[in-house]
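Colleague: Let me see the structure of the following:
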Amino acid sequence: MSNIVLSNVVPNATTIKQNGTSQQQKSQLPNPFELDEFHILDKVYLTHVNDTEKYDKDILFKLVSNILSASAQISGTNSVLNMITTRGKTECAHQTTMWILQHLRSFSWDAKALIVLAAFSLEYGEFMLLHRIQSSDTLGNSLKQLNQVQSRKVPSDITNAVAFLLQALQQIIRWATWSAMGYDLEEVPSLSDASEEIPLVVYWIVSTVVACTGNLVGISEHKLSDYTKKLSTVDKKLTDHLEICKLQTESIIENDKRLKDSDNFKGVVAFLKLLIEGNGSAKPLIYKGNTQVKTGIEVFNKNYVLLFISGLDSIGDEIQMLNSIYNRLQDKPQEVNGFKKEDFKILWIPIVDMWDEDRKNKFRNLKESMKWYVLDYQKYVVEYFFELPGRWIINKKLNYDLDSEPIFSVIDPQGVIINKNARNVIFQWGFDAFPFRESDGDDLAKKWAWFWKLMKKVDMDTEHMKMDSYIFIYGGNDTKWIQDFTRAIGSIKKHQNIKNVDITIDFHQLGKENPKKIPYFWIGVDGRKQNKTCRDKIDCEIQEAMKSLLCLKQDPLGWVLLSKGHNVTLLGHGEPMYQTVADFEKWKNNVVEKESFDIAFKKYYDTKLEEISSGASCAFNSSNVLATITCPNPSCGRAMEVSSVNYKCCHRDDPNSCCI
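Modeller: Below you'll find the model as predicted:
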């Protein structure tokens, strides 16, 4: 422990002279009661360097607490000390305080306070001990006489100050204990707030000790109530921060337990309860649209759940995408990739720090735009918790915090996280990636990787394609159809509705810049065609896609491929494709209100394809067997197969149809 004897450093005429401080310089010293907290903090922090010095904190704290607590039980009177005194000024107390802090510059903040109070305890405790010595103790009485204890009493303002000092020290030790535990300040932000108060509390502890010591040994008559008032103010701020720290650290303990429990639960409902239910009696409400779900969280039992976790700002694109997915879940067929659509549900969990009226209104407006399930925990937060109970799990297991982009987490019926964040998969591949595992996105990437590699090789730079942009690639032998389609798709690209929803549409005519590239494209497609058994599911899908492209090549007008990023969503015939883009005014609102652009496009395209197919007969009866008859359907143009006396085209009924 640093050797500090406070009676040797309190400001008197001798020490001032020895320190080279003249009376003129002394008069220029600042009065700490006239300084604001910033100036004191600035001065104090300049004295602090790396706290490398070690000390026995636990032992020293116990000794100081024992001395000060026991000594405080002896109440004094307001009688003055019967000694020759030199009146000390507050400016001098400030100078001595700064000198002590400079002397303790290599100690931690809690060590500075504890060492100073230990030194004060030597002075204060010695006097109190001698005060208790009985008259029969010859040696003790001699010491009392030398220290003039028999004619002195400790004024009550010193006793009162000691109580404040001990209380402030306890809060500093409390702060130091939590700081040493290595909490993440992002998780316990009030610990950082408390740290900002520590230098001020230490300053006023040391300053109060200096003033008390001066009064105790009789060289000053400081008004200690001013010091205790200042000390009480800064200690109150520190205590308030530490009380919040207590709640936050308790929350971490509870959250750690939840996190540990999350590895052992069974079922998706148990997992969701860890996220949204706390220890209070009330439970958050679940809504579907504007209707409250009576069964609450149990509605998700034995289901896959797509958790949409976000704040309230800038989530329009996510809501539109999820509405599109919700609509596709209602469509037929009801089973996709071996999964039943009815077993798949969407739940929005909003993460909000403070539910003020603006936040509540925004939440209600957003909820009205959602057809799927929504968690509403506003009342729950106000009455029971200051945040969502499972926010820790959401942060640790799903890697989401309030500053992150929204996430889409997929949970299976057993409560297992099968994709922490399917956001990229969903935005790149849409519903085609259902049920949105990472592997589903990987499979789609493999399915179309060959196509984009071929396009890059023969005709098109695909490096700068964005995953959320829509691109039409088209070609054909009919010049008029090419011109009409180019003009129509260009009009859609510039349409105000498209600009309003911030959709990017591009188009590329195969071989426009260099027609000689066209044969190499089709040679590349044909060269990948396999006539053998598929190796696996993806290989089969690749072969079907190539067959569809080669089928479209035979359309007498032209062909069109629609892709969202690298996800090819539609292969279409020339005439219905043209009618779809030409009729944009008829289906434009679906893009904004109900569907994504490619889904809305495909729905209208299917209706036009059906109209054209049903309007042209593909069957002929003949008494003569002819070698070749072309299908009269303008969307096909393929040579019909000969079947006895019937001719029919496979453009609609063949499982290897040109459409995907």
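
Colleague: any idea whether the nearest residue to Pro413 once chain neighbours are set aside is helix, strand or coil?
Modeller: Spatial nearest neighbour of Pro413, chain neighbours left out: Lys302 (4.8 Å); criterion: Cβ to Cβ, 6 or more residues apart in numbering. C-betas here are computed from N, CA, C, even on glycine. What DSSP: H, G, I helix; E, B strand; the rest coil gives for Lys302 is coil.

Colleague: okay, now Lys302: neighbour count?
Modeller: 10 (other Cβ atoms under 10 Å).

Colleague: in this protein, which helix has the most residues?
Modeller: The residue-count maximum for a helix in the chain (DSSP state H) belongs to helix 224-261.

Colleague: Excluding covalently adjacent residues, which one is nearest to the spatially most central residue of the chain?
Modeller: Centroid-nearest residue in the chain: Asp401, 1.1 Å away (criterion: Cα atoms, centre = their mean). Leaving out its chain neighbours, the residue that sits closest to Asp401 by Cβ to Cβ, 6+ apart is Asn395, at 5.4 Å.

Colleague: Let me know the pLDDT of that neighbour.
Modeller: With respect to pLDDT, Asn395 scores 82.

Colleague: How about the one 3 residues further on?
Modeller: According to the predicted model, the pLDDT of Leu398 comes to 86.

Colleague: Show me how the record splits this protein into domains.
Modeller: 37-253, 268-429, 450-615 (the TED database).

Colleague: Could you tell me the least trusted of those?
Modeller: Among the domains of the chain, domain 37-253 carries the lowest mean pLDDT, a mean of 78.

Colleague: Just the strands from the stretch 201-350 of the chain, written as ranges.
Modeller: Secondary structure of the stretch 201-350 of the chain (DSSP state E, counting those that start in this stretch): strands at 285-288, 291-292, 304-310, 335-336, 339-340, 344-350.

Colleague: Buried residues in the helix or strand where Gln483 lies, which are they?
Modeller: Using DSSP states H and E, Gln483 falls within helix 479-494. Within helix 479-494, the residues scored as buried using 16 or more other Cβ atoms under 10 Å are Trp481, Ile482, Asp484, Phe485, Thr486, Ala488, Ile489, Ile492, Lys493.

Colleague: Likewise for stretch 43-50?
Modeller: Result for stretch 43-50 [16+ other Cβ under 10 Å]: buried residues Lys43, Val44, Thr47, His48.

Colleague: do the same with stretch 441-450
Modeller: Gly441, Asp443, Leu444, Ala445, Lys447, Trp448.

Colleague: which one of the buried residues of helix 479-494 is nearest Thr291?
Modeller: When the buried residues of helix 479-494 are compared for distance to Thr291 (Cβ to Cβ), Ile492 wins out at 37.1 Å.

Colleague: That closest one against Phe584, yeah?
Modeller: Yes: counting by Cβ atoms under 8 Å, Ile492 does reach Phe584; the two are 5.1 Å apart.

Colleague: Now Val201. Nearest residue, chain neighbours left out?
Modeller: The nearest residue in space to Val201 (Cβ to Cβ, 6+ apart) is Val234, at 4.9 Å.

Colleague: how near is that neighbour to Arg359?
Modeller: Taking Cβ to Cβ, to the nearest Å as the measure, Val234 falls 34 Å from Arg359.
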